[in-house]
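Student: just a sequence and a predicted model for now, questions to come.
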Protein chains: 2
Amino acid sequence: MVYQLGILGLGTVGGGVAQVLLTPEQRHPLLQELQIKKVGVRDLDKPRPVNFPPEILTTDLQSIVQDAEIDIVVELLGGLEPARTLILEAIAQGKHIVTANKAVISRFGDEIFTAANQAGVYVMLEAAVAGGIPVIQPLKQSLGANRIHTVTGILNGTTNYILTRMQQEKGDFAEILADAQRLGYAEADPSTDIDGLDAADKIAILASLAFGGRIARDEVYCQGIRSVTAVDIAYADKLGFVIKLLAIAHRDFSQADNALELRVHPTLVPLDHPLASVNGVHNAVLIAGEPLGEVMFYGPGAGAGATASAVVADLINIAALLPMGNQSHPLLTCTHDHYCPIVPLAQVSSRFYARLLAEDHPGVLGKLGTCFGNYGVSLESLVQIGIKDDLAEVVVVTHHVCEGEFRQALDEIKSLISVNQVASVLRVLA
Amino acid sequence: MVYQLGILGLGTVGGGVAQVLLTPEQRHPLLQELQIKKVGVRDLDKPRPVNFPPEILTTDLQSIVQDAEIDIVVELLGGLEPARTLILEAIAQGKHIVTANKAVISRFGDEIFTAANQAGVYVMLEAAVAGGIPVIQPLKQSLGANRIHTVTGILNGTTNYILTRMQQEKGDFAEILADAQRLGYAEADPSTDIDGLDAADKIAILASLAFGGRIARDEVYCQGIRSVTAVDIAYADKLGFVIKLLAIAHRDFSQADNALELRVHPTLVPLDHPLASVNGVHNAVLIAGEPLGEVMFYGPGAGAGATASAVVADLINIAALLPMGNQSHPLLTCTHDHYCPIVPLAQVSSRFYARLLAEDHPGVLGKLGTCFGNYGVSLESLVQIGIKDDLAEVVVVTHHVCEGEFRQALDEIKSLISVNQVASVLRVLA
């Protein structure tokens, strides 16, 4: 069989996908069955790494999703529109979809998968999360025996690159961000990455697969790395931690409705934890369940080659399944349509790190300890590290405590006359 | 649909599999379709963690593979016989196979997959390599876009446990092996693990999948960890390495016949390499290819829960595919029947570490350097570390060199009157 592909977008990722498809030698034999019929671009005259004859390129994206001869549409535009509309139109035309678009899947997955199920087509998205690391397929096909309870990921290469450099160079956020932008590791408008939105899209997708339910994207708590300082990285280091932007999805099986915790935030990770040594632009996903224990998937989270590897893997999977008949593969289709209940942040239990500036009086540590104790916040450590501008710098690490109770204690502490400032609050990986 | 299972073996792994199958709640819904019909054991009266009614247990393994109502046989006996014969008989009866048996697959895969293809049944083996870590399925279904060139694994938990403890405790092999045996981390007869045979079985299987050809198991070069000493671990540490038992499969695409290098040996791994921090009984597999780059899969390499996770994943995959029709899934069947050519060890290029004891004369280092140079062995470092029993202890690290040339140089060095002993030779990861 030969399957005709319509590719939407020929940027970095599209170019990478095309290059793999055009050099099938020594790759999987099923690549021989995949043929690029049309490639949709914004500008026909832009120079590109892959040269297509003029009859393949078009600026009319609509014509691709309507083309009756195209079997699979590969959506590599990114962003919400026109990606969403084109995907839905392609599905309505009975085409299978391969996409690398986490934003559109995390926000419109409901609509897209419902349409795909009605049309009996596949929507494959290995490239949408963690680039070239196989994690979507293993979640669908290799971990079904387990009661998965936690998915923890370093899912955004830009923020991990910045935090790694802050750690290694003891540099400040703003200057390293600027340098990352100069080097092409961060966008001119970096908000999607550094405010955690990209990681939140991705953990919503992983949670949906791991826990078998839909996720309302706006229920993912999301805090980026703008507030991480060189000072906190240095203190974390002394305490035996590195700071990483983690995306965490956790199901508490002891709760009646098995509600999920879903959050993205900078986190103190113990140095001996497998995620602590994931540096630079690498991504990693740690999945924990019963009876498995923990497995980690590690590799390149972005880039033309890594993303192309994932996109083409999805294409191979579709090409493998189509000759098997009209029935969809039950592990590769979305079989749930309920939304997972999400635990409100105030009820989420975490460990916390806080750095406070207080007047350098005897008894201040005692007062702080009492205040935390009043709200049931049990402390692992409470250390006055030094003096800064005549103020004592105090670092607190708590045991597990509900976010709400910790915040109440912090509010009371802020009102103490001897406490000048709560300089930073970060969470600590259990 | 309900599929009837016959399980051969109810030891640690069999017990783990049974426990998962008997508690399907909150696992994948397809588990509801898997029913244990018979379990074959050696001794009916042995107490077990899972209690089956007497009509389920049998010592007549033959009756299981011949049972017309059984759809899938789960082979968890281990070892070569009767596992091989029972698998072949079950295949002849049209039953699908799920096995955790690396020894039988690496040695008799040829016969087993040929029979399976003729009978149109699946032989699934996720649990045979790296325990609960999904690596077989990703190799089959997620990496097909790539020209994979290298698979590097820490595939044996026992040896990794021993080497980790030797590293951390600066202890000697024999005493830590004895302690590992006492604690149940090593077998009473530890040869399969510590001589590298188990890792060799596993890399043969991974290579077969990664490179799409059969592997003659006896062509895998195999050196275990008996010769690794605390002295070498300490020197490696000073040089920035840890010593790991690595299993390596490498395809050199520049060679005319794309022959493979296949080897298991203790290896100096740079401290910042992702495999360097894989400690204790954990396993990890690093797969490198174009255009992907490198991905690593990390997790528990053995144990009831981890292995059960992999076995049951295979069962779910079969249960998902069977209703789709009679045609086998092309990514889950063995489609190659040629044997991969293997590069003779003498032609394999490696970096080497060697520790020599030589007379403490001026000019000895010069003589050694000249000797290596005569055979084209380029040195990265040549250091006299200290004096031991009046002999100078010299540590050499080479650049890449063919094994054959290095060995010739070493033979000449051994014949030098001033060289007392070649105390150890290890390979260094590039």
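Tutor: The structure has been received and is ready for your questions.
Student: give the buried residues for stretch A:79-90.
Tutor: By 16 or more other C-beta atoms under 10 Å in any protein chain shown, the buried positions in stretch A:79-90 come out as A:Pro82, A:Ala83, A:Arg84, A:Leu86, A:Ile87, A:Leu88, A:Glu89, A:Ala90. The C-beta positions use only the backbone N, C-alpha and C, and glycine is treated the same way.
Student: near chain B, which residues of the stretch 301-430 of chain A?
Tutor: A:303-306, A:308-313, A:316-317, A:320-321, A:323-325, A:327, A:329-331, A:335 (C-beta under 8 Å from any C-beta of the partner chain).
Student: narrow these to just the buried residues.
Tutor: A:303-306, A:308-313, A:316-317, A:320-321, A:324, A:329-331.
Student: taking the residues of the stretch 301-430 of chain A next to chain B one by one, which sit in helices?
Tutor: Among these, the members falling in helices are A:304-306, A:308-313, A:316-317, A:320-321 (criterion: DSSP state H).
Student: switch the residues you listed over to TSV; also include pLDDT.
Tutor: Compiled in TSV, these are given as follows (pLDDT from 0 to 100):
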residue	pLDDT
A:Ala304	94
A:Gly305	96
A:Ala306	97
A:Ala308	98
A:Ser309	98
A:Ala310	98
A:Val311	98
A:Val312	98
A:Ala313	98
A:Ile316	98
A:Asn317	97
A:Ala320	96
A:Leu321	95
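Student: how close does the residue lying farthest from the centre of chain A sit to chain B?
Tutor: In chain A, A:Pro362 marks the outermost C-alpha relative to the chain mean, sitting 45.1 Å out by C-alpha atoms, centre = their mean. From A:Pro362 across to chain B, the span is 43 Å (C-beta to the nearest C-beta, to the nearest Å).
Student: just A:Val422 next, same as before
Tutor: In this view, A:Val422 and chain B are 35 Å apart by C-beta to the nearest C-beta.
Student: contacts only, for that residue.
Tutor: A:Ala354, A:Arg355, A:Leu356, A:Leu410, A:Ile413, A:Lys414 (C-beta atoms under 8 Å, 6 or more residues apart in numbering or on different chains).
Student: how about the helix or strand hosting the second one: buried residues?
Tutor: Element membership for A:Arg355 (DSSP states H and E) is strand A:349-359. Along strand A:349-359, these residues count as buried under the neighbour rule (16+ other C-beta under 10 Å): A:Ser349, A:Ser350, A:Arg351, A:Phe352, A:Tyr353, A:Ala354, A:Arg355, A:Leu356, A:Leu357, A:Ala358.
Student: before we move on, what about stretch A:124-144?
Tutor: Going by neighbour count (16+ other C-beta under 10 Å), the buried part of stretch A:124-144 is A:124-144.
Student: what of stretch A:65-74?
Tutor: For stretch A:65-74, burial by neighbour count (16+ other C-beta under 10 Å) applies to A:Val65, A:Gln66, A:Asp67, A:Ile70, A:Asp71, A:Ile72, A:Val73, A:Val74.
Student: in helices, which of those fall?
Tutor: Using DSSP H, those in helices are A:Val65, A:Gln66.
Student: and the buried residues of stretch A:65-74, which two are the farthest apart?
Tutor: Largest separation among the buried residues of stretch A:65-74 by C-beta to C-beta: A:Gln66 and A:Val74, giving 15.6 Å.
Student: ok, of the ones in helices among the residues of the stretch 301-430 of chain A next to chain B, which one's closest to A:Leu262?
Tutor: Nearest member of those to A:Leu262, counting by C-beta to C-beta, is A:Ala310, at 23.2 Å.
Student: contacts only, for the closest one.
Tutor: Contacts of A:Ala310 by C-beta under 8 Å, 6+ apart are A:Ala100, A:Glu126, A:Ala127, A:Gly131, A:Gly132, A:Ile133, A:Pro134, B:Ser142, B:Ala145.
Student: the stretch 1-150 of chain A: strands as residue ranges?
Tutor: Under the criterion DSSP state E, counting those that start in this stretch, the stretch 1-150 of chain A contains strands at A:3-8, A:34-40, A:57-58, A:72-75, A:96-99, A:123-124, A:147-154.
Student: could you list the domains of chain A?
Tutor: Chain A resolves into domains spanning A:3-132+A:305-332, A:136-300, A:348-428 when parsed by automatic domain parsing.
Student: of all those domains, which lies closest to B:Leu429?
Tutor: Nearest to B:Leu429, of all the domains of chain A, is domain A:136-300, at 16.7 Å by C-beta to C-beta.
Student: measure how far the closest one is from the centre of its chain, please.
Tutor: 6 Å (C-alpha atoms, centre = their mean, to the nearest Å).
Student: rounded mean pLDDT for it, please.
Tutor: Taken as a whole, domain A:136-300 has a mean pLDDT of 96.
Student: re the thing from before, possible to save the buried residues of strand A:349-359 as CSV with pLDDT and distance to A:Glu55?
Tutor: Output for the buried residues of strand A:349-359, formatted as CSV (pLDDT from 0 to 100; distance: C-beta to C-beta, whole Å):
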residue, pLDDT, distance to A:Glu55
A:Ser349, 94, 60
A:Ser350, 95, 57
A:Arg351, 97, 60
A:Phe352, 97, 60
A:Tyr353, 97, 59
A:Ala354, 96, 63
A:Arg355, 95, 62
A:Leu356, 93, 67
A:Leu357, 92, 67
A:Ala358, 90, 72
